[in-house]
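Peer 1: could you look at this predicted model? Sequence included:
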Amino acid sequence: MKLRTTFILLMVAVFLGIFILVLDRRSKNTRDLAEYYAQPFKIARNEIQSFTIYNGDQTIQADSTDEGWKLSAPWQDSADEGLIDQLLTALEFLRPDDYIADLGRGNQKRERLKDFGLYKPRLRLKLQGKQLKNEIEFGRESAVAGKSYLRSVDEDIVYVVNDDLKNTITKKPEDFRDHRLIPFLPSAVSKIELREDGGEIELRREQGNWELFRPVRTRASNDAVYELLKTVASYQIQSFVPDALVNLSLTGLDTGKQTIVLSSETENQAKIQIGGPVNANSKMVYARLAERNSVVEVAKKFSDLFDISPDDLRDRKIARINPDLVDRISIEMPGKNSLILSRQEHSWRFLSSNYPRANGEVIDHLMQQLNKNEVSEFVADTATDLEKYGLANPKVRITFSSYASENTAEANAGEIVLSTLALGNSNNGFTYARIEQEPCIFLIPEDLAHSFPTAESNFKSLQITNLSREEIVSVRLENNSGDTGELTRTPDGKWVVQGRAPDQKDSEIQLGLNSLTSLRAVAWSPETEDAGLQKPVLTIVVRYRLEGVERALNLKFGSLNGSDQRYGICSETDGTFLVSEKDFVRFSKLLDHSVASSD
């Protein structure tokens, strides 16, 4: 072969190699094609800002806004978020079961598209976004039930897919409208107005609690209002009345006899006006949604909401007290000194007596009584005749306040009254009462009124001693027979009985010391005459060191009462208390193990 011929053949081979390499790089390999055809529509829902459905002569367009999805055709209205979500989900998970890639060209392609129902199809879905523009065409049903043909206008490939997306976009235009009566959750409502010819009820939510503002200003029942809102939210729009058929006089919407207005915290509003019954369906009534400029049909039972009265919504609890806000309680009764209790961190103390500790459990129970017990009857909605009910000069006033020692951004330093309960006259087993910050006068059971703690002894802490072992220096005991004994602690921390260390019972000594260092009374007793404390059966002197200063605490125990409880007094508290005989026996045994020999 000549050199020239060889060179020509070599050049042809090189050019063929380069052509094949370029063609291979520009073409998808088998694996790439398989992956592409498995998920050709890689559409993320957050990329879609608008979509338009073309179905014959009908056009539905929806746009994503800061306030959610809104319809712009065939009406300007809120869209059904549930149906939109269904459409977007179907798009996001659109996967073909099969595909036809060879459609041919010209007339052959046109005929193939006709076979699939994709030549000038009636049903199309157009998607738009910042970096998204796609249009999907829907054809006829395939030979497999529940499957149909579909293609993107930018590709010459036909896919066989399930009908989920197709079934969603072929719904009636009305189905894409929001069927909720209120466009926000019941928990977001901050104001309710119920208006009809007979008057108006207005409720507002303030600091997490509902208040009645009209026709009377008082507390509303949170439970009753939430139930009302839940009922309103449970009703759906049954159908939309076409604009061409709306006649306000025929629908009974020209008078506006019944209207409910709900306002949200973000100042959104839903105004629903109730009209007359629907002629074709007596179980339905007309309603007008002012913000959406729409007339709809709703269940007739929705109008039953207007049968509610202010009494159905008012709070029947005696008071509404937030224990976390209460720092001070004062109790006033005619002819007696005021009793003032103050919270300091996690404990309560008396400010009006020498007794330091107050019983926080009693205080908590008092607030629970007022928050949980209901009034028996509302007597008057205005507090104009207080003398008649003994409330001009009440027999008992219990004031709950918050207290700030320094100025804050919310309030100045000092006392802020939260709620004051006044108790007046009693009659036929009931007591007149009122919350002075509210206008109403009501009745509560007389026995409940008498159960409220009002005396200093009711609030005394039952914790008589609260010492740690490390603080105690020694314990000296003496009984009414003159027997004495003393316990001291060795340098290594062991408790020993003077003169009895070898045969002392350590376990019983530990039990006795436990009872003594955390002695808790059963109750406080007003009785002192028969307590036997003039000649106590047991006297205990506990020496302890606190903040570097040695102090002495004296305990004296007298006789038993009829309930197997023993009277006692403490040098660091006022009054006579009762302890269980079981506790008394425990620390009296300390004397048994420390008593000095009389031989």
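Peer 2: Received, thanks.
Peer 1: check which helices and strands the biggest strand by length in the chain is in contact with.
Peer 2: Counting residues, the longest strand in the chain under DSSP state E turns out to be strand 414-427. Applying 3 or more CB pairs under 8 Å, 6 or more residues apart in numbering; DSSP states H and E, we find strand 414-427 packed against strand 396-404, strand 430-435, helix 446-451. (C-beta placed from N, C-alpha, C; glycine too.)
Peer 1: quick one: residues in contact with stretch 204-213.
Peer 2: 189-192, 201-203, 217-222, 225, 310, 313-314, 320 (CB atoms under 8 Å, 6 or more residues apart in numbering).
Peer 1: give me the buried entries from those residues.
Peer 2: 189-192, 201-203, 218-221, 225, 310, 313-314, 320 (16 or more other CB atoms under 10 Å).
Peer 1: helices of this protein, start to end?
Peer 2: Remark: helices assigned in the chain by DSSP state H are 3-26, 30-38, 81-92, 106-115, 164-169, 222-234, 248-251, 310-313, 360-372, 446-451, 456-459, 506-517, 581-592.
Peer 1: kindly reformat these as a markdown table containing mean pLDDT and distance to residue 426.
Peer 2: A markdown table is the format used below for the helices of the chain (pLDDT from 0 to 100; distance: least, CB to CB, whole Å):
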| stretch | mean pLDDT | distance to residue 426 |
| --- | --- | --- |
| helix 3-26 | 64 | 99 |
| helix 30-38 | 54 | 83 |
| helix 81-92 | 94 | 58 |
| helix 106-115 | 92 | 92 |
| helix 164-169 | 96 | 69 |
| helix 222-234 | 94 | 29 |
| helix 248-251 | 81 | 56 |
| helix 310-313 | 92 | 24 |
| helix 360-372 | 95 | 17 |
| helix 446-451 | 96 | 5 |
| helix 456-459 | 86 | 20 |
| helix 506-517 | 82 | 43 |
| helix 581-592 | 84 | 39 |
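Peer 1: including distance to residue 400, could those helices go into JSON lines?
Peer 2: Formatted as JSON lines, these follow (distance: least, CB to CB, whole Å):
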{"stretch": "helix 3-26", "distance to residue 400": "82"}
{"stretch": "helix 30-38", "distance to residue 400": "69"}
{"stretch": "helix 81-92", "distance to residue 400": "45"}
{"stretch": "helix 106-115", "distance to residue 400": "80"}
{"stretch": "helix 164-169", "distance to residue 400": "58"}
{"stretch": "helix 222-234", "distance to residue 400": "19"}
{"stretch": "helix 248-251", "distance to residue 400": "52"}
{"stretch": "helix 310-313", "distance to residue 400": "24"}
{"stretch": "helix 360-372", "distance to residue 400": "7"}
{"stretch": "helix 446-451", "distance to residue 400": "17"}
{"stretch": "helix 456-459", "distance to residue 400": "14"}
{"stretch": "helix 506-517", "distance to residue 400": "34"}
{"stretch": "helix 581-592", "distance to residue 400": "34"}
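Peer 1: who touches stretch 471-480?
Peer 2: Against stretch 471-480 from outside (CB under 8 Å, 6+ apart): 484-489, 513, 516-517, 535-546, 550, 588, 590-591, 594.
Peer 1: just the buried residues out of these, in ChimeraX syntax.
Peer 2: The buried subset of the contacts of stretch 471-480, as determined by 16+ other CB under 10 Å, is captured in ChimeraX by this line:
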select :485,486,487,488,513,516,517,536,537,538,540,541,542,543,544,588,590,591,594
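Peer 1: now, the contacts of stretch 471-480 that are in strands?
Peer 2: 484-489, 538-546, 550.
Peer 1: circling back to that earlier point, and the helices and strands packed on strand 414-427, which is most packed in?
Peer 2: Highest mean neighbour count of the helices and strands packed on strand 414-427: strand 430-435, a mean of 23 (counted as mean count of other CB atoms under 10 Å).
Peer 1: what angle do strand 414-427 and that one make with each other?
Peer 2: Here strand 430-435 runs at an angle of 160 degrees relative to strand 414-427 (axes from the mean of the first three to the mean of the last three CA atoms, to 10 degrees).
Peer 1: what pairs with strand 430-435, parallel or antiparallel?
Peer 2: Take DSSP bridges as the rule and strand 430-435 pairs in its sheet with strand 414-427 (antiparallel), strand 441-445 (antiparallel).
Peer 1: and that strand, how far out from the chain middle?
Peer 2: 31 Å (CA atoms, centre = their mean, to the nearest Å).
Peer 1: got the contact list for it?
Peer 2: 318-319, 375-377, 379, 383, 386, 389-391, 419-426, 440-446, 448-449.
Peer 1: the same query, at a cut-off of 10 Å, please.
Peer 2: 218-219, 318-321, 370, 375-377, 379-380, 383, 386, 388-391, 394-396, 419-426, 440-450 (CB atoms under 10 Å, 6 or more residues apart in numbering).
Peer 1: just stretch 241-258 next, same as before
Peer 2: 75, 174, 194-198, 272-279, 285-288, 293-297, 302-303, 305-306.
Peer 1: how about stretch 441-449?
Peer 2: 316, 318, 369-370, 373-386, 388-389, 391, 395-396, 421-424, 426-435, 451-452.
Peer 1: please narrow the contacts of stretch 241-258 to those residing in strands.
Peer 2: Reading strands off the contacts of stretch 241-258 with DSSP E, I get 194-196, 272-278, 285-288, 294-297.
Peer 1: lowest-confidence stretch among the helices and strands packed on strand 414-427?
Peer 2: Mean pLDDT per stretch puts strand 396-404 lowest among those, at a mean of 92.
Peer 1: so where's the stretch 401-550 of the chain shaky on pLDDT?
Peer 2: 405-413, 499-503, 527-529 (pLDDT under 70).
Peer 1: let me know the pLDDT of the residue nearest to residue 212 when sequence neighbours are not counted.
Peer 2: Spatial nearest neighbour of residue 212, chain neighbours left out: residue 220 (4.6 Å); criterion: CB to CB, 6 or more residues apart in numbering. What the model reports as pLDDT for residue 220 is 95.
Peer 1: tilt between the longest strand of the chain and strand 396-404?
Peer 2: 170 degrees.
Peer 1: burial check on residue 308, number of neighbours?
Peer 2: 14 (other CB atoms under 10 Å).
Peer 1: quick check: phi and psi on it?
Peer 2: Phi and psi for residue 308, reported as degrees, to the nearest 10, are phi -70, psi 150.
Peer 1: mind listing what it touches?
Peer 2: With CB under 10 Å, 6+ apart, residue 308 has these contacts: 194, 201, 224, 228, 231.
Peer 1: does the second one have any beta-bridge partners, and if so which?
Peer 2: Counting by DSSP bridges, residue 201 is bridged to residue 194.
Peer 1: before we move on, the earlier item: buried subset of the contacts of stretch 441-449, written for ChimeraX?
Peer 2: Remark: buried members of these, expressed as a ChimeraX selection using 16+ other CB under 10 Å:
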select :318,370,373,375,376,379,380,381,383,386,389,391,395,396,421,422,423,424,426,430,431,432,433,434,435,452
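Peer 1: which residues touch residue 567?
Peer 2: 525, 527-528, 530-533, 536-537, 556-561, 576-579.
Peer 1: mind listing what the closest residue to residue 515 other than its chain neighbours touches?
Peer 2: Excluding the flanking residues, the one nearest residue 515 by CB to CB, 6+ apart is residue 586, at 4.3 Å. Shown here is residue 586, whose contacts under the criterion CB under 10 Å, 6+ apart are 508, 511-516, 519, 580.
Peer 1: pull the contacting residues for the closest residue to residue 238 other than its chain neighbours.
Peer 2: Among residues not flanking residue 238 along the chain, residue 297 sits closest, at 4.7 Å (CB to CB, 6+ apart). For residue 297, the contact set (CB under 10 Å, 6+ apart) comprises 237-241, 251, 275, 277-278, 280-281, 283-287.
Peer 1: out of those residues, which are buried?
Peer 2: Judged by 16+ other CB under 10 Å, buried ones among those: 237-238, 240-241, 251, 275, 277-278, 284-287.
Peer 1: now those residues in JSON lines, with distance to residue 329?
Peer 2: Below are the buried ones among the contacts of residue 297 laid out as JSON lines (distance: CB to CB, whole Å):
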{"residue": "237", "distance to residue 329": "52"}
{"residue": "238", "distance to residue 329": "54"}
{"residue": "240", "distance to residue 329": "58"}
{"residue": "241", "distance to residue 329": "59"}
{"residue": "251", "distance to residue 329": "58"}
{"residue": "275", "distance to residue 329": "53"}
{"residue": "277", "distance to residue 329": "56"}
{"residue": "278", "distance to residue 329": "58"}
{"residue": "284", "distance to residue 329": "55"}
{"residue": "285", "distance to residue 329": "52"}
{"residue": "286", "distance to residue 329": "55"}
{"residue": "287", "distance to residue 329": "50"}
